[in-house]
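# Coordinates for the following, if possible.
(one chain, ligands or ions: 1)
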Amino acid sequence: MMFIKIALSLMLSLGMFLGIQEDTLTDPQNDNGLVIDAKVKPIIDAKCIGCHSADSKNEKAKEKLIWANLPTLEKKAAASLLDEMVEVLEKGEMPPKKFLERYPDKKLTEKESKSLRKWADKTANKMMK
Ligand code: HEC
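Numbers count the residues shown, from 1 in each chain. This is a model prediction of the structure:
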């Protein structure tokens with residue numbers, strides 16, 4: 001009985017640990033401290049990651065931004081990419097218009113865009129400290 005209790009609590013804490021890892025997408029090997037908030041992660045997963053991930057087929061998108069690599073960038077590079085992100089979101093340029101014509105449900109709502117911009121701005125400032 002005791003053994004089962006210990007095994008269960010071990011499994012639970014491992015699950016929590018893995019959950020946290022997934023949420024923050026940080027690379028422990030080269031970590032600039034950038035954290036992808038749990039609040040914005042679902043937005044990114046739904047509307048950005050399809051093109052901006054390591055296994056995306058969109059080479060142009062990958063050249064500019066791979067979300068999982070953000071925490072491994074030099075702080076200055078991360079900050080300038082995040083500043084650019086605020087800019088393209090303000091202009092409504094991401095996801096790209098052509099893509100939205102085919103997949104209108106991928107458009108960011110005003111609320112989502114605002115959350116992402118707020119996070120990117122806050123995180124860019126953190127990187128510059
Ligand atoms: C359909 C594919 C696609 C999706 C979805 C997409 N992007 Fe992009 N993104 C691109 C491409 C392609 C580029 C490169 C554009 C270029 O070089 O002109 C790009 C470039 C960028 C850049 C760099 C801008 C620059 O001018 O350097 C940022 C930042 C960015 N995307 C953020 C986002 C965010 C945030 C989302 C989700 C809200 C998103 N993207 C969703 C395809 C996509």
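
# Residues of the chain that sit close to the ligand?
Counting by C-beta under 6 Å from any ligand atom, the chain comes close to the ligand at 47-48, 50-52, 58, 60-61, 64-65, 84-85, 88, 94-96, 99, 108, 116. C-betas here are computed from N, CA, C, even on glycine.

# Let's see the ChimeraX selection covering just the buried ones among those residues.
In ChimeraX, a selection of the buried entries from the residues of the chain next to the ligand looks like this (16 or more other C-beta atoms under 10 Å):
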select :47,48,50,51,52,61,65,85,88,94,95,99,108,116
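
# So residue 123 sits against residue 34, correct?
Yes - assessed by C-beta atoms under 8 Å, residue 123 is found in contact with residue 34 at 6.1 Å.

# Need the residues touching each of these two.
With contacts defined as C-beta atoms under 8 Å, 6 or more residues apart in numbering, the residues adjacent to both residue 123 and residue 34 are residue 78.
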